[in-house]
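Participant: Got a predicted structure plus its sequence, pasted below:
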Amino acid sequence: MFRDKAPSWAYFALLLTSFGAVAPLAWLFLLSLDPNQGVASTSGIYSLKNYASVLFQSMMGQYFLNTTIVALMTVFCTLSCATLGAYAASRYRFRGREPIMIGLLLASMTPVIAVLVPLYAMAAKLQLLNTYSILVIVFTAWQLPGTLWLIRSFMNSIPAELEEAALVDGCGRARAFFRIVLPQLVPGLVASGLIVFVYVWNEFIIAVSLSAKQDMRLVSVGLYFYLSDFGVEWGKIAAGAIISIIPPAMLFLFLQRQLIHGLSAGAVK
């Protein structure tokens, strides 16, 4: 099967779009190598001083550990709850199913700032401030509706006849789910998990409000504190930002095949 060659303007548009995406990162990388903390222009002298300062002379390592723990726990809790909920919403018919699903989706559209004060008050009353637990609970609750809808679309693409055949052969409902449905759902779970992971990794408002204690800060909050009353340490912010990009980028690099397969599978029933 032969395909027509793309017009020249399409290549130009792709090149322009790629430049627009890469240029800010390139500028950020050059800024991170400038030891003189210049932001408008670089001094022409480059070193790894800012990276050494961020990695070995600050608590950024602890912030990375905190963020990794919270992100992985949130992904696990969100996928576990969303998978079970999506299975019920996809395979069972019950009164009010669609209104409940729509209500969950509408609830997730509420701006974070609108519920931040009640969340803080509840966390303080339960003595959960500056703990992993409150961050995981809030992040999971915030990501659960959208993830549930996404996994439900993947679930709908799996033929129900496969489960029915397993049930006829003697499998129980739970065993059929774990042996038949779950393996086919892996690409969708990978895609959903990556979305949740990146959200937690980049979240700032909830993190700075519920984990203000220094040794409990997340990466995004730690970068913010390079802005001080004595000036802005642009080189260190840039170095920290470059380092913080690496974990999500590596995940996308290693899981890109499953991500693309999962997103395309969820789009076609």
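Facilitator: Yep, that arrived. Please read these numbers as outputs of a predicted model, since none were measured by experiment.
Participant: Which parts of the stretch 51-200 of the chain are helices?
Facilitator: Listed in chain order, the helices of the stretch 51-200 of the chain (DSSP state H, counting those that start in this stretch) span 60-91, 97-108, 112-125, 132-156, 160-168, 173-176, 182-184, 186-202.
Participant: Nearest to Val219 among these would be which one?
Facilitator: Smallest distance to Val219 across the helices of the stretch 51-200 of the chain (CB to CB): 4.6 Å, for helix 60-91. No exception for glycine: its C-beta is placed from N, CA and C like everyone else's.
Participant: In space, what's closest to Thr131 - neighbours in sequence excluded?
Facilitator: Spatially, and ignoring its direct neighbours in sequence, Thr131 is nearest to Met216 (7.4 Å; CB to CB, 6 or more residues apart in numbering).
Participant: which helices and strands does the helix or strand where Asn50 lies pack with?
Facilitator: Assigned by DSSP states H and E, Asn50 belongs to helix 49-56. Counting by 3 or more CB pairs under 8 Å, 6 or more residues apart in numbering; DSSP states H and E, the packing neighbours recorded for helix 49-56 are helix 234-267.
Participant: what's the angle from the helix it packs on to helix 49-56?
Facilitator: Orientation check (axes from the mean of the first three to the mean of the last three CA atoms, to 10 degrees): helix 234-267 against helix 49-56 gives 70 degrees.
Participant: For helix 234-267, give the mean pLDDT please.
Facilitator: Over the span of helix 234-267, the pLDDT mean works out to 80.
Participant: Now do the buried residues in that helix.
Facilitator: Buried residues in helix 234-267, counting neighbours by 16 or more other CB atoms under 10 Å, are found at 234-244, 247, 251, 255, 258-259, 262-263, 265-266.
Participant: what's the answer for stretch 48-63, then?
Facilitator: Neighbour-count burial for stretch 48-63, counted by 16+ other CB under 10 Å, picks out 49-51, 53-54, 60, 63.
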